[in-house]
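A.B. asks: predicted model follows, preceded by the sequence.
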Amino acid sequence: MGKTLAEKIWDEHVVRSAEGEPDLLFIDLHLIHEVTSPQAFEGLRLAGRTVRRPDLTLATEDHNVPTLDWDKPIADPVSRTQVDALRANAAEFGVRLHSLGDVEQGIVHIIGPQLGLTQPGMTIVCGDSHTSTHGAFGAIAFGIGTSEVEHVLATQTLMQAKPKTMAVTVNGSLPPGVTAKDLVLSLIAHTGTGGGQGYIVEYRGEAIEELSMEARMTICNMSIEWGAKAGLIAPDQVTFDYVEGRPEAPKGAEWDAAVEHWRTLVTDEDAQYDKEIVLDASTMTPFVTWGTNPGQGVPLGGVVPDPGDLEDAGDVVAAERALEYMGLAAGTPMREIAVDTVFVGSCTNGRIEDLRAAAEVLKGRHVARDTRLLVVPGSVRVRLQAEDEGLDVVFKDAGGEWRGAGCSMCLGMNPDQLEPGERSASTSNRNFEGRQGKGGRTHLVSPLVAAATAVRGTLSSPADLSPVVEPLETPEA
Amino acid sequence: MDRFSTHTGVAMPLRRSNVDTDQIIPAVYLKRVTRSGFEDGLFAAWRNDPSFVLNRPEYAEASVLVAGPDFGTGSSREHAVWALQNHGFRVVISSRFADIFRSNAGKAGLLAAQVDEKVVQRIWDHLDEHPGATVTVDLESRTLRAGDGPDAIEDSFDIDDYTRWRLLEGLDDVGITLSHADDIDAFEARRPSWKPATL
């Protein structure tokens, strides 16, 4: 019997396999950031160990860094200590680090692909659950804990029990104005937050094949939000075109050898998945969350659900609690929910295509009077590219704030936070209680919905906006 | 990791059930960048009460914690294990441990010894009569002992075979994996040359 894509990549990385023991899996790329690595490095130091493969390790500063005044010392002493520790550890152990101020700095899951370090067929780990992003290239990529970070640093391997595999087949094409974010939010509402538990998920089908690399990253990024171990997409010409020519991509004969192998990374026709979900993209619409987990979502055209209508008793309790926290009444049309802050950014939607999509909506328009728009590029490269294209001017002319690169308000570990009771429309990945700031209320949305919401001040899609009236050209003399 | 075979130390009764990891160490204490120094945060909220058992002088040197059922529930923070160890604890005895706490303890070298609830009660009663008394734990034979003479408590405890072996050998996961360094070397030797490198 044939193998699934995930099984092929897994089997290619087994260093050692023994009855009754987890597999010992080789790790091709270990990404590191300031928050989950300090104790791992100290563990190495206490045991007198080294980093086995600094040449397969890359560090950056993203989780707690400020997005204003990034050229000055970090004001928050706790954040500064964590960043200083990362810098000292990287220097001591010979790990490449892209610090604040470096042109390659950015969210760890944005800079890997950007540098061309993320490639098909790899195993990639990081002490961060959104490592699943890299699966978009046809890699097995997942988040790990601090003890495991230390294990990878010391051995370049991990002990892992082989997960089951699942296919999510998305047939049809996404209608215009409906994005990868809407697709994945629809999927999570369908499966619930635990639906993927124990599986490496392969996204496939016409709608997935039609997506750009950046949109595929949005899908794989949120695999963790429905509990999957990892999510991946078979590499194809779209993937190869994206990787080719990037700084760390193979060159010349090496490129040819790599592509030849990458073309074998597809699920065999006679392979069996342990589970399969089939969705139809053509019926999808802009999708937003109303609750406090990413599975609590509805179409933008829908209403806040009535907890009493839910079947599962546990869901009823969770929904009641969520509505209370979110300050929402059942039956309220989603489009009538007013937001205070719109956040565009994060490893989910902080890439150049996301910023272009938001800017396209905001061009010639202005942010609503009582709404704040925060645009945070996912990396310095994304920021510079956006500035080259004049997107920063569009955001600023619309009344938005244009910031430096980092995780920012996705998790509110830096100064970018919601005030208690404040409501956001956010292109990030988690709407947990307090995630974006103590007492903050988050609605997860796509970049298009975020931009339209900023203009109207209530949850909206671009279709809800009045057309932009072009100013009359002054006839030339 | 140090080998663990037997340990005799002052035992501290913690007469509470469902001691979650937020109680063991509150989130505000997780900001350190080291694996040490977390003793400050150990049972921080409870320690505000001067009569809390950890504040009593007879338990200043305690190294065996005897707790109620469902010890270590809640957050997965490994800091909970580190806080106990940083304070000087080598063993936690309870009738039921949360899975993640048990796993984290095994990784870090803290012995989580599971016993029948009645045994916990008998040890608690013994410690009430003899504050500052010691308990001996023998990992090889999976037994524990407290007191002398006819009232002595002797019983067995449960720990899974794999964790017991690792603790007896003093091996952490990294140590075990490094014992397969030849396999890793061989794997690395056959990796394709086009795989990316950061340096």
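C.D. replies: Yep, it's here.

A.B. asks: for B:A113, what are its contacts?
C.D. replies: Shown in contact with B:A113 (C-beta atoms under 8 Å, 6 or more residues apart in numbering or on different chains): B:V91, B:V92, B:I93, B:S94, B:V137, B:L144, B:F157, B:D158, B:I159. To be clear about C-beta, it is placed using only N, CA and C from the backbone, and glycine gets the same treatment.

A.B. asks: can you pull the residues of the stretch 51-200 of chain A lying near chain B?
C.D. replies: Contact residues, the stretch 51-200 of chain A versus chain B (C-beta under 8 Å from any C-beta of the partner chain): A:52, A:54-58, A:78, A:81-82, A:85, A:94, A:96, A:116-117, A:119, A:122, A:145-147, A:150-151, A:154-157, A:159.

A.B. asks: whichever of the residues you listed end up buried, select them in PyMOL.
C.D. replies: Entered in PyMOL, the line below selects the buried ones among those, by 16 or more other C-beta atoms under 10 Å in any protein chain shown:
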select buried, chain A and resi 52+54+56+57+58+81+82+85+96+116+117+119+122+145+146+147+150+151+154+155+156+157+159
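
A.B. asks: and B:D49, how far is that from B:N18?
C.D. replies: Separation of B:D49 from B:N18 (C-beta to C-beta, to the nearest Å): 18 Å.

A.B. asks: from chain B, which residue is nearest to chain A?
C.D. replies: The minimum distance from chain B to chain A, using C-beta to the nearest C-beta, falls at B:V33 (3.5 Å).

A.B. asks: what's the neighbour count on that residue?
C.D. replies: 21 (other C-beta atoms under 10 Å in any protein chain shown).

A.B. asks: does A:L58 sit in a helix, a strand or a coil?
C.D. replies: Following DSSP: H, G, I helix; E, B strand; the rest coil, A:L58 is assigned to strand.

A.B. asks: one more: A:G308?
C.D. replies: Recorded secondary structure, A:G308: helix (three-state DSSP).

A.B. asks: hmm, A:V316 and it touching each other?
C.D. replies: Yes. A:G308 is in contact with A:V316 according to C-beta atoms under 8 Å; the separation is 6.9 Å.

A.B. asks: quick one: which of these two has more around it?
C.D. replies: A count of neighbours by other C-beta under 10 Å puts A:V316 above the other of A:G308 and A:V316, at 15 against 9.

A.B. asks: where do the helices of chain B begin and end?
C.D. replies: B:21-24, B:44-47, B:79-87, B:99-108, B:117-129, B:161-169, B:173-178, B:181-189 (DSSP state H).

A.B. asks: would you format those as a markdown table with mean neighbour count, mean pLDDT and distance to A:A322 included?
C.D. replies: Converted to a markdown table, those look like this (neighbours: other C-beta atoms under 10 Å in any protein chain shown; pLDDT from 0 to 100; distance: least, C-beta to C-beta, whole Å):
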| stretch | mean neighbour count | mean pLDDT | distance to A:A322 |
| --- | --- | --- | --- |
| helix B:21-24 | 22 | 78 | 22 |
| helix B:44-47 | 14 | 84 | 28 |
| helix B:79-87 | 24 | 92 | 28 |
| helix B:99-108 | 21 | 77 | 25 |
| helix B:117-129 | 16 | 95 | 37 |
| helix B:161-169 | 15 | 87 | 38 |
| helix B:173-178 | 19 | 90 | 38 |
| helix B:181-189 | 13 | 98 | 46 |
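
A.B. asks: adding distance to chain A, write those out as a markdown table.
C.D. replies: Shown next, in a markdown table, are those (distance: least, C-beta to the nearest C-beta, whole Å):
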| stretch | distance to chain A |
| --- | --- |
| helix B:21-24 | 14 |
| helix B:44-47 | 17 |
| helix B:79-87 | 8 |
| helix B:99-108 | 5 |
| helix B:117-129 | 28 |
| helix B:161-169 | 9 |
| helix B:173-178 | 4 |
| helix B:181-189 | 4 |
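
A.B. asks: Serialize those to TSV and add fields for distance to A:K72.
C.D. replies: As requested, these are exported to TSV (distance: least, C-beta to C-beta, whole Å):
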stretch	distance to A:K72
helix B:21-24	35
helix B:44-47	33
helix B:79-87	31
helix B:99-108	38
helix B:117-129	55
helix B:161-169	47
helix B:173-178	38
helix B:181-189	42
